[in-house]
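Asker: please work out how this folds:
(one chain, ligands or ions: 2)
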Amino acid sequence: MTLDSSLPKFRTLTPADRLEHLAQKLPLSKDDLRLVAEPGALPLETADSMIENVIGKFELPYAVAGYFQINGKDVLVPMAVEEPSVVAAASYMAKLVRANGGFHTSSSGPIMRAQVQIMNLQDPYGARHAILQQHQDIIDIANSRDKVLLGLGGGCKDIEVHVFPDTARGAMVVVHLIVDVRDAMGANTVNTMAEAVAGRLEQITGGRVRLRILSNLADLRLARAHLRLTPELLQTSEYSGVDVINGIVDAYEFAAVDPYRAATHNKGIMNGIDPIVVATGNDWRAVEAGAHAYACRSGHYTSLSTWEIAGNGDLVGTLEMPMPLGLVGGATKTHPLAQLSLKILNVASAQELAEISVAVGLAQNLAALRALSTEGIQRGHMALHARNIALLAGAKGDDIAWVAQKMVEARDVRADLATELLQKKSTLNGDNA
Ligand SMILES: CC(C)(COP(=O)([O-])OP(=O)([O-])OC[C@H]1O[C@@H](n2cnc3c(N)ncnc32)[C@H](O)[C@@H]1OP(=O)([O-])[O-])[C@@H](O)C(=O)NCCC(=O)NCCSC(=O)C[C@@](C)(O)CC(=O)[O-]
Ligand SMILES: NC(=O)C1=CN([C@@H]2O[C@H](COP(=O)(O)OP(=O)(O)OC[C@H]3O[C@@H](n4cnc5c(N)ncnc54)[C@H](OP(=O)(O)O)[C@@H]3O)[C@@H](O)[C@H]2O)C=CC1
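Answerer: Ligands and ions are numbered 1, 2, ... in the order given. Below is the predicted model:
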């Protein structure tokens, strides 16, 4: 069936009805539905095999963002995240962007780098040449370690040799293995290769190999997304579309020039990306490390995205960044909900998953910049955060929505106010009893 990712009125349903609604849109089995609806999606035995010293499991809210259309294909986006307004903001922007043709994405190949550090060298440039002369031998040794990957068309494709002639510990040569990891995140894959070539590199150079590990600056594994919005789509009752667009571009320039702002701007992008990384069982530390190192590649920490005004006045947003995500390996296959997330996303390759993640990051960035440069973040965000504050004050059941609603109406969302409202409500209930 062709998926329509629009989710009108989805927010008004109960979690069980939302799941039922999804089941009508997606080919989910009864077991899939049970996995989401019932506790214990991750068996304790599986958890105990995943990490060490396990004492239980830690749960997060699991949601779906709607309206995404990417390269003409509708996508529902599973997100595991603790922060309110993230899912709403992503859905809202996807709804706007879909009205103007949706997101357009592309990506480089799934290429990772492994680094092998060689020390104790008197002639680092000579060592570099000697290594490059033997490059095919090194590639062959690396590839002898992963026949499965080779069979899939991946494997070590090339090497680079970087020289640091004068470190505090003397000359250092660093060999990069350039590896196509296909549908894996690839850390274990490339680490195995790096360890495999170490002996040969010592033979060639006469040096001493120390570290053999992937680089999280995955600058050869980039995913890209862009969008275009007309002023009409961005106008509100209070702001003209032209004003909103100018505000977004001013906000972008702020992040482009000032690292204090860029850190927050990029956090807003990661608000969209991390929840997908978590929901698909991928390594969010690796994605975060790669993102921020890439944002600093010019030596100046800056915005990962760009926002500009096209000749016809449209807003144009782009995002290009490392996205080392896998469909196999790590927890992607072992966590049952990660498998379900991949089923919901209906992706055929790790690159497709990477492209969707970057599109969601761009949507999230747009939502924040749009709110920040017009009405401010608090109205939309705090309205949704109000339910958390109500919970914090001890509200239960229907009281959660009641307390949250009262605070939103008062445009005053505070824990002490929530406590005060709850007390008033229980006094009222007591009076009525
Ligand atoms: C929060 C909104 C979306 C409200 O915006 P709104 O104008 O009140 O939304 P609406 O009621 O008109 O609804 C529009 C659409 O938004 C979605 N939507 C709206 N509400 C819900 C909801 N309850 N549950 C699910 N979906 C919701 C939904 O898709 C809906 O369409 P529908 O499906 O109903 O036809 C808007 O104010 C917004 O986008 N704000 C920005 C929020 C944001 O960026 N949050 C991230 C956390 S803040 C942060 O950490 C990052 C930051 C800000 O520091 C980054 C930076 O500085 O750059
Ligand atoms: N700095 C970092 O970021 C580090 C991260 N990690 C962790 O490493 C894990 C990810 O490593 P990764 O190498 O992806 O995981 P795995 O080693 O679990 O899986 C990769 C392996 O899966 C097999 N495979 C099967 N099908 C495919 C396919 N279609 N495409 C590619 N490979 C396929 C391959 O060969 P075969 O069957 O022969 O194994 C490949 O080597 C994550 O848990 C991450 O947290 C670890 C160290 C450092």
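Asker: so who does the single nearest residue of the stretch 101-250 of the chain relative to ligand 1 touch?
Answerer: Ranked by Cβ to the nearest ligand atom, the top residue of the stretch 101-250 of the chain for proximity to ligand 1 is T236, at 8.0 Å. Placement of C-beta: from N, CA and C, glycine included. With contact taken as Cβ atoms under 8 Å, 6 or more residues apart in numbering, T236 is in contact with 244, 374.
Asker: ok so it is a helix residue?
Answerer: No: secondary structure assignment (DSSP: H, G, I helix; E, B strand; the rest coil) places T236 in coil, not in a helix.
Asker: would you mind measuring from it to ligand 2?
Answerer: Separation of T236 from ligand 2 (Cβ to the nearest ligand atom, to the nearest Å): 42 Å.
Asker: mean confidence for the strand ranked longest in the chain?
Answerer: Identified as the longest strand of the chain according to DSSP state E is strand 155-167. For strand 155-167, mean pLDDT rounds to 98.
Asker: enumerate the positions of that strand that are buried.
Answerer: 155-156, 159, 161 (16 or more other Cβ atoms under 10 Å).
Asker: is ligand 2 contacted by that strand?
Answerer: No: Strand 155-167 lies out of reach of ligand 2 by Cβ under 6 Å from any ligand atom, never closer than 9.8 Å.
Asker: is any part of the next helix or strand after that strand close to ligand 2?
Answerer: Using DSSP states H and E, the helix or strand that follows strand 155-167 in sequence is strand 170-180. No: against ligand 2, strand 170-180 shows no contacts by Cβ under 6 Å from any ligand atom, the least distance being 9.0 Å.
Asker: show me what the helix or strand that comes right after strand 170-180 is in contact with.
Answerer: Next helix or strand after strand 170-180 toward the C-terminus (DSSP H and E): helix 187-205. Contacts with helix 187-205, where a contact means Cβ under 8 Å, 6+ apart, come from 112-116, 118, 121, 127, 130-131, 134, 137-138, 141-146, 149, 156, 173, 175, 177, 179, 181, 207-209, 212-214, 283, 286, 329-330.
Asker: distance check, the residue of the stretch 101-250 of the chain closest to ligand 1 against A371.
Answerer: The spacing between T236 and A371, counted by Cβ to Cβ, to the nearest Å, is 11 Å.
Asker: for the record, mean pLDDT for stretch 222-240?
Answerer: 97.
Asker: show me which residues of that stretch are buried.
Answerer: 222-231, 233-234, 239.
Asker: which residues touch the residue of the chain found nearest ligand 1?
Answerer: Closest approach between the chain and ligand 1, counting by Cβ to the nearest ligand atom: G380, at 1.9 Å. With contact set as Cβ under 8 Å, 6+ apart, G380 has these partners: 85, 88-89, 371.
Asker: could you do R18 as well?
Answerer: 10, 64.
Asker: at the geometric centre of this structure, which residue do we find?
Answerer: I273 (2.2 Å; Cα atoms, centre = their mean).
Asker: can you list the strands that the longest strand of the chain pairs with?
Answerer: Counting by DSSP bridges, the strands paired with strand 155-167 are strand 170-180 (antiparallel).
Asker: how far off helix 187-205 does the partner strand point, in degrees?
Answerer: For strand 170-180 against helix 187-205, the angle by axes from the mean of the first three to the mean of the last three Cα atoms, to 10 degrees is 130 degrees.
Asker: buried residues, whichever strand or helix holds the residue of the chain closest to ligand 1. List them.
Answerer: Using DSSP H and E, G380 maps to helix 378-392. Residues of helix 378-392 classed as buried: 380-390 (neighbour count, 16+ other Cβ under 10 Å).
Asker: show me what from the stretch 151-300 of the chain comes close to ligand 1.
Answerer: Residues of the stretch 151-300 of the chain lying near ligand 1 (Cβ under 6 Å from any ligand atom): 264-265, 267-268, 271.
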